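*Asks:* Sequence plus the predicted model coming up.
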Amino acid sequence: MDEETIKGKTEQGSGYVKEKMGQATGDPNLEAQGKNDQAAGKVREGFGNVRGKVKEGADALGDKASETGARARDAANRAGRHADESTDPTR
């Protein structure tokens, strides 16, 4: 899980507590601050989720590129060996 996702969830939780404290104490400013913190936490969590998905996709793409490079090297080596064998006068 991305660090921003965790921070967003934490911010939502603390916002919820502020909202309820504002309701319990009759403090509309604290209640509003809590709602704002929850909204900001949801945005941060969403950003973290997207960033995590992008990283997963980039990692997968990097893995595929490595696999493709390895296959290309193997094919080049096989082609080189084949060329050496076909031009070897002792064969």
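*Replies:* That came through fine.
*Asks:* quick one, phi psi at the residue nearest to the spatial centre of the chain?
*Replies:* Central residue of the chain (CA atoms, centre = their mean): G52, 1.7 Å from the mean position. Main-chain dihedrals, G52, degrees, to the nearest 10: phi -60, psi -40.
*Asks:* wait, it sits on I6?
*Replies:* No. With contact defined as CB atoms under 8 Å, G52 does not count as touching I6 (10.6 Å). For every residue, glycine as well, the C-beta is placed using N, CA and C.
*Asks:* All the helices of this structure, in order from the start?
*Replies:* Remark: helices assigned in the chain by DSSP state H are 3-25, 28-87.
*Asks:* Identify, out of the ones you listed, the most deeply packed stretch.
*Replies:* Comparing the helices of the chain by mean neighbour count (mean count of other CB atoms under 10 Å), helix 3-25 ranks first with a mean of 15.
*Asks:* Let's test this: mean pLDDT of it, rounded?
*Replies:* Confidence for helix 3-25, expressed as mean pLDDT, is 96.
*Asks:* Stretch 32-41 too?
*Replies:* For stretch 32-41, mean pLDDT is 98.
*Asks:* and it, C-alpha only, in CSV?
*Replies:* Provided in CSV are the C-alpha atoms of stretch 32-41 (Å, rounded to 0.1, in the frame of the first residue of the first chain):
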residue,chain,number,x,y,z
ALA,A,32,-16.4,21.9,9.5
GLN,A,33,-12.7,21.4,9.9
GLY,A,34,-13.3,17.7,10.5
LYS,A,35,-15.4,17.4,7.3
ASN,A,36,-12.7,19.2,5.3
ASP,A,37,-10.0,16.9,6.7
GLN,A,38,-12.0,13.9,5.7
ALA,A,39,-12.4,15.2,2.2
ALA,A,40,-8.7,16.0,1.9
GLY,A,41,-7.9,12.5,3.2
